[in-house]
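predicted coordinates and the sequence they were generated for:
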Amino acid sequence: MKRLILMAAGAAMALAGVYSCKADKATADEELRIEDRPKIMWLDFSANWTKFSNPDTARYYIKKAADCGFNHLVVDVKATKSVVAYNSDIAPRIKSWKGIDFPENYDYLDTMIAIGRENGMKVLASLNMFCEGTNEEEGGILNGDHKAWETEYYFTDGTIGRADAAEGPGTAFMNPALPEVQDYERSLVLEVVRKYDLDGVMLDRGRYEGMGSDFSQYSKNKFEEYIGESVENFPQDIFEWVKKDDGSFTRKPGKWYNKWIEWRASVIYDFFKTTREAIKAEKPDMMLGNYTGAWYPSYYEVGVNWASKDYDPSKDFDWATPEYKNYALNELFDLYTNGNYYVDVTLDELHSHDGRVKNETDSEYSVGDHLCVEGACDYSRKLLGDRPFYGGMYVEQYYGDPDRFQRAVKMNLKKSDGFMLFDMCHIIYKDWFDILGKAIAEAEEEMRQEQAAK
């Protein structure tokens, strides 16, 4: 991917002009090539289909992203429903979305790959794991023969059961511990790998829905196999829900609480390990990418240890067993991005108020320096060591503050090993391509100057 390289003498003039961000690589630093670090543009299907169903419109906007310096394109082909946006022999293909039909002869993914390659981008297909739509007209597999795949929740009233809309209308999580669930999701990943000339696959929601899932009899049995003992009082020996004065709920850990957390992490680890092996058996050069939230101190709630195997969380957290580190995922990924989805960009901004944040997957509010963009990047570096990661941002959080948006872009670029932006639709809606290109160009020039000064 060619990128504009701003030399010190011409920086002011270049930054005052149009930020097309195209480059003369000959003037780049040949060792570190700051401008070539991964910059990942995410293309959510639901939010972008009405525009990107037209290849000419897709080509126009993807070129604008490339002109801003993005060199990776993530194309969403399986969201949180059971339908897919590629030519599948396994899952039903989307027929219509938001009033726009999906033509039989239009291969959406193949078209996005071609356009991405035209612009020098690496292209990855994104698939959501372990969640399936439940609307019958949209092909929700959990309505039919596979209802037993749906996760069973431990509700705050003490009961255990299923909920059709645990994460929003028409969406439900499956039980990741079920072999048939893992086999089904892996089959979709491998189908995309086999059928398309991709650079990689990016997996999302490869997790449990939350601490309340899964409490089925199957999970109980598998956990007992794991620990080699019977759980006498289930689920109370895992934890009990306790109502607080403000009406919210917290957990009182039981006898097996920490081992339950460890076991759930082993379930997710085994899925990713087996999936990686299957991908590499098909195409050894195919990248396995993954997205998680950046909020590690509470991400155990969804069964995911995204740290490096060299980090031992039991030294820092009372919920982690010494064995929890055995299920660290990061070495399984060829490309890893996490969501630094915070309004506060700097530690100073975070410290200027109470700093309480409730992230997407959290059961309660959290506190800590990791709850801003700067702090999240620093914390990820601690957990990952030399493992590369690409700090992600959620554009909608900055709608009213373009200056804060630019500062978040620059912070992610300078403090992580690249940058991931979610999502293209927001940049189109706000018409922020110019200020996005400016932020990237300025950050990379500052990094280049810092490098030269060393």
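Alright, I've got the coordinates.

quick check, residue 66 in a strand?
No - Residue 66 is assigned helix when assessed by DSSP: H, G, I helix; E, B strand; the rest coil, not a strand.

which residue packs closest to it, ignoring adjacent ones?
Closest residue to residue 66 apart from its sequence neighbours, by C-beta to C-beta, 6 or more residues apart in numbering: residue 119 at 3.7 Å. Any C-beta I mention is one placed from the backbone N, CA and C, and that applies to glycine too.

for burial, what's the neighbour tally of that neighbour?
19 (other C-beta atoms under 10 Å).

ranges for the strands of the stretch 51-200 of the chain?
Along the stretch 51-200 of the chain, counting by DSSP state E, counting those that start in this stretch, strands occupy 72-78, 96-97, 100-101, 122-128, 131-133, 153-154, 160-161, 171-173, 200-204.

an error on my part: the question was meant for the stretch 351-454 of the chain.
390-394, 419-422.

which of these sits most buried?
For those, average neighbour numbers computed from mean count of other C-beta atoms under 10 Å are highest in strand 419-422, which has a mean of 26.

quick one on the thing from earlier: quick one: the residue nearest to residue 66 and residue 61 touch, right?
No - with contact defined as C-beta atoms under 8 Å, residue 119 does not count as touching residue 61 (10.6 Å).

next, the buried residues of the helix or strand hosting residue 298.
Residue 298 belongs to helix 296-299 when elements are defined using DSSP states H and E. If you call a residue buried by 16 or more other C-beta atoms under 10 Å, then helix 296-299 has these buried ones: 296, 297, 298, 299.

closest to residue 93 out of these?
Among the buried residues of helix 296-299, residue 299 lies closest to residue 93 (C-beta to C-beta), at 32.6 Å.

measure the closest one to residue 305 for me?
Using C-beta to C-beta, to the nearest Å, residue 299 is found at 8 Å from residue 305.

helices of the chain, start to end?
Counting by DSSP state H, the chain has helices at residues 11-16, 45-52, 55-67, 108-118, 179-195, 217-227, 257-282, 296-299, 347-351, 373-384, 402-415, 424-430, 433-453.

between the ones you listed, which one is nearest to residue 359?
helix 296-299 (6.8 Å).

how about residue 396, what does it touch?
With contacts defined as C-beta atoms under 8 Å, 6 or more residues apart in numbering, the neighbours of residue 396 are residue 426.

quick check: it vs residue 434, distance?
Distance of residue 396 to residue 434, given as C-beta to C-beta: 19 Å.

for residue 205, give me its contacts.
Residue 205 neighbours (C-beta under 8 Å, 6+ apart): 80, 128, 129, 130, 131.

now tabulate these in TSV and tack on pLDDT.
TSV is the format used below for those (pLDDT from 0 to 100):
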residue	pLDDT
80	89
128	96
129	97
130	95
131	91
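
surely residue 93 meets residue 87?
Yes - between residue 93 and residue 87 a contact is recorded at 6.7 Å, counting by C-beta under 8 Å.

count of neighbours near residue 282?
Residue 282: 11 surrounding residues under other C-beta under 10 Å.

surely it is in contact with residue 194?
Yes - judged on C-beta under 8 Å, residue 282 makes contact with residue 194 at a distance of 6.0 Å.

so where's this structure uncertain?
Scanning the chain for pLDDT under 70 picks out 1-32, 134-140, 143, 164-171.

pull the contacting residues for the most centrally placed residue in it.
With distances taken as C-alpha atoms, centre = their mean, residue 291 lies nearest the centre of the chain, 2.5 Å away. By C-beta under 8 Å, 6+ apart, the residues touching residue 291 are 202, 203, 204, 336, 337, 338, 339, 392, 420.

now those residues in TSV, with distance to residue 231?
Compiled in TSV, the contacts of residue 291 are given as follows (distance: C-beta to C-beta, whole Å):
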residue	distance to residue 231
202	36
203	31
204	31
336	34
337	37
338	33
339	34
392	38
420	40
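
now rank the residues you listed by neighbours and give me the top one.
residue 337 (31 neighbours).

show me what contacts it?
Residue 337 makes contact with 40, 289, 290, 291, 389, 390, 391, 392, 420 under the criterion C-beta under 8 Å, 6+ apart.

number of residues surrounding residue 324?
A total of 23 residues lie near residue 324 under the criterion other C-beta under 10 Å.

repeat for residue 437
Residue 437 has 23 neighbours, counted by other C-beta under 10 Å.

how much space between it and residue 47?
From residue 437 to residue 47 the distance is 21 Å (C-beta to C-beta).

ok, now residue 367?
Distance from residue 367 to residue 47, by C-beta to C-beta: 31 Å.
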